[in-house]
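Participant: how would this look folded up:
(chains A and B)
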Amino acid sequence: MAITLTETAAKRVEKFLENRGKGIGLRLGVKTTGCSGMAYTLEFVDEMQAEDTSFESHGVKVIVDPKSLVYIDGTELDFTKEGLNEGFKFNNPNVKDECGCGESFTV
Amino acid sequence: MALLQISEPGMSAAPHQHRLAVGIDLGTTNSLVATVRSGMSTVLQDEHGHALLPSVVRYLSEQEIIVGHVALAQQSKDPINTIASVKRFMGRSLQDIADRAHIPYRFVAGDGAQSMLQIDTRAGLKSPVEISAEILKTLKLRAEKALGGELTGAVITVPAYFDDAQRQATKDAARLAGLHVLRLLNEPTAAAVAYGLDNAAEGVYVIYDLGGGTFDISILRLSKGVFEVLATNGDSALGGDDFDHRIYCWVLDQVRSNQQHFNPLNEEDTRLLLTKARQAKEWLTDNHEAQIVCKLSDGSFVDVTLTVDKFVELTQNLVTKTLSPTRKAMRDANLNIDEINGVVLVGGATRMPHIRHAVEDYFKQEPLTNLDPDKVVALGAAIQANVLAGNRSDDDLLLLDVTPLSLGLETMGGLVEKIIPRNATLPIARAQEFTTFKDGQTAMSIHVVQGERELVSDCRSLARFELRGIPPMAAGGARIRVTFQIDADGLLSVSAREQTSGVEANVVVKPSYGLSEETITGMLQSSFNAAESDKQARALREAIVDAERLIEAIQMALTQDGEQLLSAPEQQAIQANIQALQVLCKGQDSQAIHQASEALNHATETFAARRMDASVKQALAGQDLNSLEL
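Facilitator: Reported below is the predicted structural model:
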């Protein structure tokens, strides 16, 4: 399995990294908080940790820590617009249930 | 499904706890809202893809209020109830608006002479604060739709020359719109932040801001993460609209010379031609000539071609007009052209190539233009809002602002004691101890003033309050600690506390409204020009205060025991000296007052010695030598 980005998402990440002026890639993760147990995190990466796994998708380096990987392996990250709002969206095949807002989930 | 943004490493927010912060450029002509998404500052657009919201509010009825493009389009239909450029009235009293005869609104004076004006609309009396709040509400709504949640807070930009009254009015408008103000930020500072100039260690930057109807030039110095405003200048009646107007007049001349009968234009034609003129101006930024074609209401056609060269010829003196305040600001800041590290262009009008060239020629360097000049202030405000809302790690320096003018209080003789100096970084608190001037004084009046001059009469009065209940003590016995505190938005509170008894009084400076831009720059300028005469005036007042204190002490001594200790000629000699000094105190010669005070001191030396002897004798009289603790 792997973590992938859609092409749109990859282009956006590249743009944001370029604008930020530093960083080696994008970190996807989960935190154990939120109304349904788990919550996604999305961060810039300045340095990799020894235990991290990394993937390459459309030229963007995606980094995941081993604890998070079990919850999000197989996820495709997309970038979409909803009305005036825009942002990243996790398409995670492991999810059984998510809270109404989709910010947290259970597996 | 919520949409996520990329956070800084380790700064991911818990679900539903995203700190959504925006930057708002509340402009005279247009307003914008921006936010930082995935580390990138972006201006938020409305449903129609417009980033700029015209700062125009139309009152249809009590409930129905239109803001923005639609209100702007209806301005000529309903000029009395459609308020544009309300920023010019923020924190202003009716007297401050010199050109109100040319403005179609029905102005109503505020309650006090110096309180903020109001505008009578179909929906009732509206203050500039309420009207601005409508613009802010519209932007808030747009931001909440775009960010999918409630806003944590906003940074709102204000011109660097805005005084306390105008800043307070802006804050009030935000509160009324339901926005939490994280910070008010100076517009030029925001522009500098947008370009990341705050990341440099230090430097001096010029912000050249030519908006729709106003021109501002600011010179900032960055040192240790603090932007200090070195000088501001400008022209509150010069902007991109004047360029449109030049084209408009030229078109009319062309049409008149070609046509025998030319009907006077009605309001709709005027508006149409002005719009065409603006479009031509914008077109000429990237093209050599512009076609101006339209059909007027009387059926006649306008069809003229404007070349770049002609446009430059028509408007070059407007461009030159911006350089005069620029030179003044440079002179105020005492800087040479080669000391400027960067020039930032702000305002849509700075897209015009001949403006860029003029700025480049003057400063001998290419100005920064890669950010959209209409958006740069909002973008910078958003970056600052993002930091203040806590979305960045702590090691990011917080940007600070500085006080535009010194703050102090009145001391004896109408002199100003400065407590917080000009250009002090905010927030700040400074305290100083004062004491009573007279024996048995139980109250003290505290007069808070703003300005650079030495005399109270030359500064602006901000507030007055009284500290009562000071226990009666000898003059100089009471210890009164006066604390000046300015919060991060530049708003002032002053408290006074008598240290021995603990009595306290304080005031939050809700400043009397209305210190104009010209007044501020004028106040600064006059403090430089008048430095020498101020110094003399201060010396004179100090000499007078000292002399009066001396006379009072001596007269009290004379009434107590002058009769017993002094012969009649001795008393007359002292009286003569006192009178001489009193006469000099009415004059202007501080040196002479000093000398006469010295003479009076000298004349009373014998008297003072005898008083001392007498009081020692009195203390010792009838006492056993052994019981004295010597």
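Participant: what's around B:T411, how many residues?
Facilitator: Each residue near B:T411 was counted by other C-beta atoms under 10 Å in any protein chain shown, and the total is 16. Backbone N, C-alpha and C define where each C-beta goes, glycine included.
Participant: by contact count, what packs against the lengthiest helix in chain A?
Facilitator: Secondary structure of chain A per DSSP state H: the longest helix is helix A:7-20. Contact here means 3 or more C-beta pairs under 8 Å, 6 or more residues apart in numbering or on different chains; DSSP states H and E; on that basis helix A:7-20 packs against strand A:25-31, strand A:38-45, strand A:60-64, strand A:76-82, strand B:40-43.
Participant: change it to 10 Å
Facilitator: Counting contacts by 3 or more C-beta pairs under 10 Å, 6 or more residues apart in numbering or on different chains; DSSP states H and E, helix A:7-20 packs against strand A:4-5, strand A:25-31, strand A:38-45, strand A:53-57, strand A:60-64, strand A:76-82, strand A:85-91, strand B:40-43.
Participant: the second one pairs with which strands?
Facilitator: The reference is to strand A:25-31. Sheet partners assigned to strand A:25-31 using DSSP bridges are listed as strand A:38-45 (antiparallel), strand A:60-64 (parallel).
Participant: for that strand, the distance to its chain's centre please.
Facilitator: Its chain's average C-alpha position is 5 Å from that of strand A:25-31, according to C-alpha atoms, centre = their mean, to the nearest Å.
Participant: list the buried ones in that strand?
Facilitator: Across strand A:25-31, burial judged by 16 or more other C-beta atoms under 10 Å in any protein chain shown covers A:G25, A:L26, A:R27, A:L28, A:G29, A:V30.
Participant: now it: mean pLDDT?
Facilitator: Mean pLDDT, computed over strand A:25-31, is 89.
Participant: got the CA coordinates for that strand in PDB?
Facilitator: Provided in PDB are the C-alpha atoms of strand A:25-31 (Å, rounded to 0.1, in the frame of the first residue of the first chain):
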ATOM      1  CA  GLY A  25       7.700  17.500   1.900                       C
ATOM      2  CA  LEU A  26       4.300  17.000   3.400                       C
ATOM      3  CA  ARG A  27       3.500  15.000   6.600                       C
ATOM      4  CA  LEU A  28       0.200  13.200   6.900                       C
ATOM      5  CA  GLY A  29      -0.800  11.900  10.200                       C
ATOM      6  CA  VAL A  30      -3.500  11.100  12.700                       C
ATOM      7  CA  LYS A  31      -3.900  12.400  16.300                       C
END
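Participant: got a list of what B:K126 touches?
Facilitator: B:57, B:59, B:65, B:81, B:83, B:86, B:105, B:108, B:118-120, B:133-134 (C-beta atoms under 10 Å, 6 or more residues apart in numbering or on different chains).
Participant: next: A:I63.
Facilitator: Contact analysis of A:I63 by C-beta under 10 Å, 6+ apart lists A:3, A:24-29, A:43, A:45, A:47-49, A:52-55.
Participant: ok, now how distant is it from chain B?
Facilitator: The gap separating A:I63 from chain B is 11 Å, by C-beta to the nearest C-beta, to the nearest Å.
Participant: one step back: farthest pair within the contacts of A:I63?
Facilitator: Farthest pair in the contacts of A:I63 (C-beta to C-beta) is A:I3 and A:E47. Separation: 18.8 Å.
Participant: neighbour count: these two, which is higher?
Facilitator: Using other C-beta under 10 Å, the more surrounded residue of A:I3 and A:E47 is A:I3, with 23 against 9.
Participant: contact partners for the more buried one?
Facilitator: For A:I3, the contact set (C-beta under 10 Å, 6+ apart) comprises A:26, A:28, A:53-55, A:57, A:62-64, A:68-69, A:72-77, A:90, A:92.
Participant: can you rerun that using 8 Å?
Facilitator: Residues in contact with A:I3 (C-beta atoms under 8 Å, 6 or more residues apart in numbering or on different chains) are A:L28, A:F55, A:S57, A:V62, A:V64, A:L69, A:I72, A:D73, A:G74, A:T75, A:E76, A:L77.
Participant: ok so, going back, of the helices and strands packed on helix A:7-20, which is nearest B:L26?
Facilitator: Of all the helices and strands packed on helix A:7-20, it is strand B:40-43 that lies closest to B:L26, at 14.0 Å by C-beta to C-beta.
Participant: number of residues surrounding the residue in chain A positioned nearest to chain B?
Facilitator: Residue nearest to chain B within chain A: A:G87 (2.8 Å; C-beta to the nearest C-beta). For A:G87, the count of nearby residues is 21 (other C-beta under 10 Å).
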